[in-house]
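Chemist: Model the following, please.
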Amino acid sequence: MNANILASLISLVSLLPTLAQQSLDSAYRTTGTAVVAAFDPQRQVLQRSSAVILNGRQELCYGIVISADGHILTKASEILGSSTWDVTVDATKYPDAKLLMTDPTWDVALLKIEAKDLQPVVYAPTSDVPPGTWVVANGATTRTTRRLLAGIVSAKIREIPPAGGAALGVILKTKSKSLEIEDLSEKSGAKEAGLQKGDILLTIEGRKVKKLEDIATILKDRKAGSTVKIVYRRGEKELSADVRLASRSEMFTDQMNRNDQMSGEFSNHRSGFPRVMQHDILGAASVVGGPLLDLDGRCLGMNIARANRAESFAIPVEDLKTLAERMMAESTR
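Modeler: The predicted structure follows:
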């Protein structure tokens, strides 16, 4: 741990008994000036090596700079509702980012901007850090300046299975002799892949589907985040698409439990990840996509979901490095 940061944190802790007798002075709260100042070296890393993904003036999410010439990783499901993206790195805005590819298993997208001499994140050697370890992530942002939020690692690395099972996200006409789509969930993989009302499903993964039970049989053992190849008919044309299976809880976020109702903002896609680090940084749902830093400013992982009022998830650095290298390689083939 950086000595100056450690000294600052010890000073803050020593003040707490006195301050707690009344109420904690605003400067020493989580987002207070004294606390934020203690983490300024990490904020500088966020300034240079995290990106803000925008659709016009709307801030969609954050991203991670992974190459000097402009490759950016971000959360796919937060950006796929838009067709154009601008990216801000440090104080420079880069228009018309290109979407190179997505990985549905991790819900990660690879963007490319026309840039040079960017400063990529430095990966931490391991994500195997004990609970209670201090971490830093993007908070809110101004037009040119990254802000930060600090917290701690709050659980061991683990899988987060999909909630509610996997589904295409289509509603089929009940009185039709074929599997004709009557409607689609706005947050479904079918919608993302371009399927439309009136399309008729023919095959899934090469197997003919003639009734709803056929679809259920094919999808029953598949996980949310995986993809299936669908052949369908639109008018006189036969088309195909790779469709991401979404969890039912992701598509139907209006069906909230009591904990969700108390949680404020949370990510639509917050389950179905192979491995996550859990921490207690609770920014808005739109701050996902950026790096999770240790106190040396190294990237411990990529923030991928705000799960609820007490949990946020990040892709561990080992998985993130492998994912980044694979996506970079596949995008250049």
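
Chemist: C-alpha from now on. contacts and neighbour counts both.
Modeler: Noted.

Chemist: element containing residue 158, please.
Modeler: Using DSSP states H and E, residue 158 falls within strand 146-160.

Chemist: Residue 329 now?
Modeler: Per DSSP H and E: residue 329 is located in helix 317-331.

Chemist: Show me how far that helix is from its chain's centre.
Modeler: Mean-position distance between helix 317-331 and its chain equals 15 Å (CA atoms, centre = their mean, to the nearest Å).

Chemist: Show me what that helix is packed up against.
Modeler: strand 98-103, strand 299-306 (3 or more CA pairs under 8 Å, 6 or more residues apart in numbering; DSSP states H and E).

Chemist: can I get those strands in a markdown table with mean neighbour count and distance to residue 157?
Modeler: Formatted as a markdown table, those follow (neighbours: other CA atoms under 10 Å; distance: least, CA to CA, whole Å):
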| stretch | mean neighbour count | distance to residue 157 |
| --- | --- | --- |
| strand 98-103 | 18 | 21 |
| strand 299-306 | 29 | 11 |
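
Chemist: Redo these as CSV? Include mean pLDDT and distance to residue 316.
Modeler: Below are these laid out as CSV (pLDDT from 0 to 100; distance: least, CA to CA, whole Å):
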stretch, mean pLDDT, distance to residue 316
strand 98-103, 95, 16
strand 299-306, 96, 5
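
Chemist: buried set for the helix holding residue 329?
Modeler: Of all the residues in helix 317-331, those buried under the rule 16 or more other CA atoms under 10 Å are 317, 318, 319, 320, 323, 324, 327, 328.

Chemist: May I ask which helix or strand of the chain has the lowest mean pLDDT?
Modeler: Lowest on mean pLDDT, DSSP states H and E among the helices and strands of the chain sits helix 258-262, with a mean of 52.

Chemist: Which of the helices and strands packed on helix 317-331 sits closest to residue 161?
Modeler: Checking the helices and strands packed on helix 317-331 against residue 161 by CA to CA gives strand 299-306 as the closest, at 13.5 Å.

Chemist: Need the contact partners of that closest one.
Modeler: 64, 75, 107, 121-124, 126-127, 137, 265-267, 269-270, 277, 282-285, 288-294, 312-318, 320 (CA atoms under 8 Å, 6 or more residues apart in numbering).

Chemist: Quick check: helices, which of these are part of them?
Modeler: Mapping those onto helices (DSSP state H) picks out 317, 318, 320.

Chemist: Need phi/psi at residue 219.
Modeler: Backbone torsions for residue 219, taken as degrees, to the nearest 10, come to phi -90, psi -10.

Chemist: Each with direction, which strands does the strand holding residue 158 pair with?
Modeler: Note on strand 146-160: by DSSP bridges, its sheet partners are strand 134-141 (antiparallel), strand 273-279 (antiparallel).

Chemist: who wins for proximity to residue 211 among the ones you listed?
Modeler: Set against residue 211 and scored by CA to CA, the strands paired with strand 146-160 come closest in strand 273-279, at 30.3 Å.

Chemist: mean confidence for the helix or strand hosting residue 110?
Modeler: Following DSSP H and E, one finds residue 110 within strand 108-112. Averaging pLDDT along strand 108-112 gives 97.

Chemist: same thing with stretch 204-215?
Modeler: Stretch 204-215 comes out at a mean pLDDT of 91.

Chemist: Buried ones in it, by neighbour count?
Modeler: Buried residues in stretch 204-215, counted by 16+ other CA under 10 Å: 204, 209, 215.

Chemist: where along the stretch 51-200 of the chain do the strands fall?
Modeler: 58-65, 71-75, 86-89, 92-94, 98-103, 108-112, 134-141, 146-160, 166-167, 170-172, 179-184, 200-204 (DSSP state E, counting those that start in this stretch).

Chemist: Tell me which residues are up against stretch 283-292.
Modeler: 46, 50-51, 59-64, 73-75, 78, 135-140, 149, 265-267, 299-306, 314.

Chemist: hang on, residue 109 packs against residue 101?
Modeler: Yes - counting by CA atoms under 8 Å, residue 101 is a contact partner of residue 109 at 5.9 Å.

Chemist: what residues go with each domain of this structure?
Modeler: Using automatic domain parsing, the domain ranges for the chain come out as 39-160+272-331, 166-250.

Chemist: export those domains to CSV and tack on distance to residue 33?
Modeler: Shown next, in CSV, are the domains of the chain (distance: least, CA to CA, whole Å):
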stretch, distance to residue 33
domain 39-160+272-331, 10
domain 166-250, 36
